[in-house]
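Student: Pasted the sequence and its predicted model underneath.
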Amino acid sequence: MSVLHAVHRGLIVSCQALEEEPLHGPMLMAAMARAVQLGGAVGIRANGPQDVEVIKRITGLPVIGIHKMTNGAGEMAITPTFSLAEELVRSGADIIAVDVRRTRPFGEPLAELLPRIRRELGVPVMADCATVEDARAAVEIGVDLVASTFGFRQNGLGTEPDFQLLRDMLQLGVPVVAEGGFWYPEQVVEALELGVWAVVVGSAITRPLEITRRFVRAIEQGGLQ
């Protein structure tokens, strides 16, 4: 079974923690990954070669590998260079996700980077998008999946999925991974009913700091504190 079919119509869980968060570190993220595996997750999205390596070893699940990099201005890009992608694959990543936003602040040219990863590393490439235009441009270059990673909406408690974006992306003719702003099981079901290939959920499962903030925000907005 190919890695894409292994995650088809399933739940992928993003196991990541920022450096300033208490759960940051490969062993803690690996424990989180094992927990979500026991809960039924079909794949893991992980940041950095250390996390990818430990999570792959402990779970054996398909891993979407990313490497978040920040420049001197504090701007972030996901897997902006071939060398970072290569290191992720050596660590066990089965799919490489690359930031393809038109507003991506830095990185190697996508027209060179995306096909090189597919050709030289032999793994599927997932395009992390903010808009359908991002996704369309990535499809024209050549990718295996497109994801709505940066395409979420804001609401009173934080974020929510952009289902119209998903509908638009589904018209492009490549598998779509729904990601960004998913907080409720009903939202995951709705995305799958639209026809997405798989759904990635992160903060709602693996970031207790953000989960707690949502509860506290709801209390404050209700005037109960």
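Tutor: Noted; the coordinates are in hand.
Student: which residues does the closest residue to Phe150 other than its chain neighbours contact?
Tutor: For Phe150, ignoring the flanking residues on the chain, the nearest one in space by C-beta to C-beta, 6 or more residues apart in numbering is Ala130 at 3.7 Å. Heads up, the C-betas are built off the backbone N, CA and C, glycines and all. Ala130 makes contacts with Arg101, Arg102, Thr103, Thr149, Phe150, Gly151, as judged by C-beta atoms under 8 Å, 6 or more residues apart in numbering.
Student: what does Val54 give?
Tutor: Val54 neighbours (C-beta under 8 Å, 6+ apart): Pro26, Met27, Met29, Ala30.
Student: Please narrow the residues you listed to those residing in strands.
Tutor: Judged by DSSP state E, those include no members of strands.
Student: which of these has the most neighbours?
Tutor: Using other C-beta atoms under 10 Å as the neighbour criterion, Met29 leads the contacts of Val54 with 25 neighbours.
Student: Tell me if I'm right that it and Leu23 touch.
Tutor: Yes - between Met29 and Leu23 there is a contact under C-beta atoms under 8 Å: 7.0 Å.
Student: between those two, what contacts are shared?
Tutor: Residues touching both Met29 and Leu23 (C-beta under 8 Å, 6+ apart): Ala17.
Student: I'd like to know how far Ser83 sits from Val199.
Tutor: As judged by C-beta to C-beta, to the nearest Å, Ser83 and Val199 stand 30 Å apart.
Student: got it, and Phe163?
Tutor: Noted for Phe163: a distance of 12 Å to Val199, by C-beta to C-beta.
Student: pLDDT value on Leu224, please?
Tutor: For Leu224, the model assigns a pLDDT of 74.
Student: and if you look at Met1?
Tutor: You'll see Met1 listed with a pLDDT of 65.
Student: Where does pLDDT dip in the protein?
Tutor: For the chain, the stretches with pLDDT under 70 are 1, 225.
Student: residue boundaries of the strands in it?
Tutor: Under DSSP E, the chain gives strands at 11-15, 43-47, 63-66, 68-70, 76-78, 95-99, 125-128, 145-147, 153-155, 158-160, 176-179, 198-201.
Student: I would like the residues contacting the first one, please.
Tutor: For strand 11-15, contacts defined as C-beta under 8 Å, 6+ apart pick out 29-30, 32-33, 36, 40-46, 51, 55, 64, 177, 179, 188, 198-203, 205-206.
Student: quick one: the residue nearest to Glu210 when sequence neighbours are not counted and Leu18, what's the gap?
Tutor: The spatially closest residue to Glu210, leaving aside those adjacent along the chain, is Ser203, at 4.4 Å (C-beta to C-beta, 6+ apart). Remark: distance between Ser203 and Leu18 (C-beta to C-beta) = 11 Å.
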